[in-house]
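>>> give me the fold of what follows.
(2 chains)
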Amino acid sequence: MGDHSVKRALIIAVAGVLTFGAVYGFAASLNLTTDSLGAVDTSVAACQAGALTATYTSSYASTVPGYAVGTVTVNGLASTCYSKAYKITLSGAGNASLGEATGTTPATGTSFAATFSPAVNAASVTGIGVVISG
Amino acid sequence: MVRPRSTILAIIAPLAAATAFAASLSFAPGSLGADQEAVSRCTAAGLGVIQNVSGTTAISVTVSSLPSACGGAALQVTVNNQVTSSSGSTTVPAGGGSVTVTLSVPVAITASEQVDLVLTGP
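Next up, the predicted model:
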C-alpha cells in the first residue's frame, strides 16, 4: 500500500468522524429530549382454530327463585390453549353481563369448568362470551 | 486524490447503520381469541306442567307439549312450597312429548307453590 492509498483511507475515516461529530453536535445544540418510539406490526392469532362447546350445569336456587347456572364446562380445548387466562361471560337482555367467571385453562385435558359465583339466573341467560388470552 | 464517491459512502454508511438500530424493536405478541354466541332455547312454546299428588303431597311433575327439538335434553324440575323444596330430573325422549319427573322427596301441598324447570341441551 503506497502513501497515496494511506492518505486516502485516512481522509475517508476523518470524513466519517467529522460527520458523526457534526450530527451529535447539532443534536446537543437543540437540547431535544424525546420519549422512545419503536413500532412493529404483527398479527394476533387465537390459540386454537378448533371449535369450543359450552355446556351448563344448573341447580335450583331458592334465592332466585328458580334454576341458576353455577358452572359452564368448556369442551374442545386444544393443547395450544393450555395454561392461558380465560374469561367467560353470561349475558342477558341487551347483551348485559349477568356474571363472569375467570381463571386459567388447564395444562392437560380437553375441557375445563368455569364457576360462576354467585350463580346466574338460568332463565335470563341469552348469550355467552369466551375470551382466551396469553 | 480522494474520490468524492468514496467520501460520500463513508458518511452515509454510519448514518444508515445508526438508523437501522434505532428502528429495530423486538415484540412477541400473545394469542388472543374471543367469541360471543347466543344461547338458544329448544322451544319458546308453552309447556304443560302438572303436579301429581299422593294424599297431601306432590310426588312427581308431568311436563307435556315438549317438542322434538328438546329431545335428549336434561330436564330438571323443582317444586317449592315456600317452606321446602324438592327436585327431580330426567332426560326428554328423542321425539319430545310428555315426561314425568319424580321428586326426590314428596312435597306437602300448600296454598302457594312454585314449580320451576330447566332444560339443558341437547
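
>>> show me where chain A has its strands.
Using DSSP state E, the strands of chain A run over A:53-61, A:66-75, A:85-91, A:97-104, A:111-121, A:127-133.

>>> taking strand A:127-133 as reference, get the angle to the fifth one.
Okay, so that is strand A:111-121. Angle, strand A:111-121 to strand A:127-133, by axes from the mean of the first three to the mean of the last three C-alpha atoms, to 10 degrees: 140 degrees.

>>> which elements pack onto strand A:111-121?
If contacts are counted by 3 or more C-beta pairs under 8 Å, 6 or more residues apart in numbering or on different chains; DSSP states H and E, strand A:111-121 sits against strand A:66-75, strand A:85-91, strand A:97-104. Glycine gets a C-beta too; all of them are placed from N, C-alpha and C.

>>> got a pLDDT number for the residue of chain B found nearest chain A?
Going by C-beta to the nearest C-beta, chain A is nearest to residue B:33 of chain B, at 2.8 Å. You'll see residue B:33 listed with a pLDDT of 92.

>>> thinking it is in contact with residue A:131, fair?
Yes: counting by C-beta atoms under 8 Å, residue B:33 does reach residue A:131; the two are 7.0 Å apart.

>>> now whatever residue of chain A ends up closest to chain B: closest residue in space, sequence neighbours ignored.
At 2.8 Å from chain B, residue A:46 is the closest residue in chain A, using C-beta to the nearest C-beta. Nearest-residue entry for residue A:46: residue B:33, 2.8 Å, with adjacent residues in sequence omitted and distances by C-beta to C-beta, 6 or more residues apart in numbering or on different chains.

>>> quickly find the element holding the one you found.
In the assignment (DSSP states H and E), residue B:33 maps to strand B:32-38.

>>> strand A:127-133 and that strand, what's the angle between them?
Going by the same axes, to 10 degrees, strand B:32-38 is angled at 170 degrees with respect to strand A:127-133.
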